[in-house]
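1. sequence first, then the predicted structure:
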Amino acid sequence: ARLGGAVPRVMVGSAAQLATFASAKAWVQKQQWLPEDSWLVALAGGMISSVAVAVVMTPFDVVSTRLYNQPVDGTGRGQLYGGLADCLVKIWRQEGPLALYKGLGPAYLRLGPHTILSMLFWDELRKLAARSQHQGT
């Protein structure tokens, strides 16, 4: 149960990061606010993506924290929650859906810059690799 919150969190976060970055970058390019091949397009796409990542990952952060911090019995079994799904349902029913977003601000301050910079660097490295591949042929 202790690993039960961390693995889905990373899977959902990575999926949200990659999917929303591609969509956000395409949307920013379509708006034509910035030069088409500018690094600013990737920066703007990363900024939009970072909001989606924080919104998607925060419930998993809350659940993961609750699972890690719950008291355990002699066998190491959690005394409050039976696992990820049980914890999610109990929080939703007992505290309401907004309880899954406790700490959204601090979560964004942690996840936002990571997403923005990771996506920006990835995009720039991808462009650099494509340019060097074309020059080499």
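-> Great, that's in hand. Numbers count the residues shown, from 1 in each chain.

2. touching, residue 6 and residue 64? I think so.
-> Yes: distance between residue 6 and residue 64: 5.6 Å, which falls inside the contact criterion (Cβ atoms under 8 Å). To be clear about C-beta, it is placed using only N, CA and C from the backbone, and glycine gets the same treatment.

3. between those two, which is the more surrounded one?
-> Neighbour count, other Cβ atoms under 10 Å: between residue 6 and residue 64, residue 64 has more, with 22 against 16.

4. and that one, what element?
-> Assignment of secondary structure by DSSP states H and E places residue 64 within helix 39-69.

5. show me where the chain has strands.
-> Assigned by DSSP state E, the strands in the chain number zero.

6. just for it, where's the confidence low?
-> Within the chain, the stretches falling below the threshold (pLDDT under 70) are 1-5, 137.

7. for it, what spans make up the helices?
-> Using DSSP state H, the helices of the chain run over residues 6-31, 39-69, 84-95, 104-136.

8. go through those and pick out the most buried.
-> Per-residue neighbour counts averaged over each of those give the maximum for helix 39-69, namely a mean of 20 (mean count of other Cβ atoms under 10 Å).

9. which strands and helices sit next to the helix holding residue 64?
-> Using 3 or more Cβ pairs under 8 Å, 6 or more residues apart in numbering; DSSP states H and E as the contact criterion, the elements in contact with helix 39-69 are helix 6-31, helix 84-95, helix 104-136.

10. related to what we said a few turns ago, mind checking which of the helices of the chain is nearest residue 78?
-> Of all the helices of the chain, helix 39-69 sits nearest to residue 78, with 6.6 Å by Cβ to Cβ.

11. span of stretch 71-80 from start to end?
-> For stretch 71-80, the first-to-last residue distance is 7 Å (Cα to Cα, to the nearest Å).
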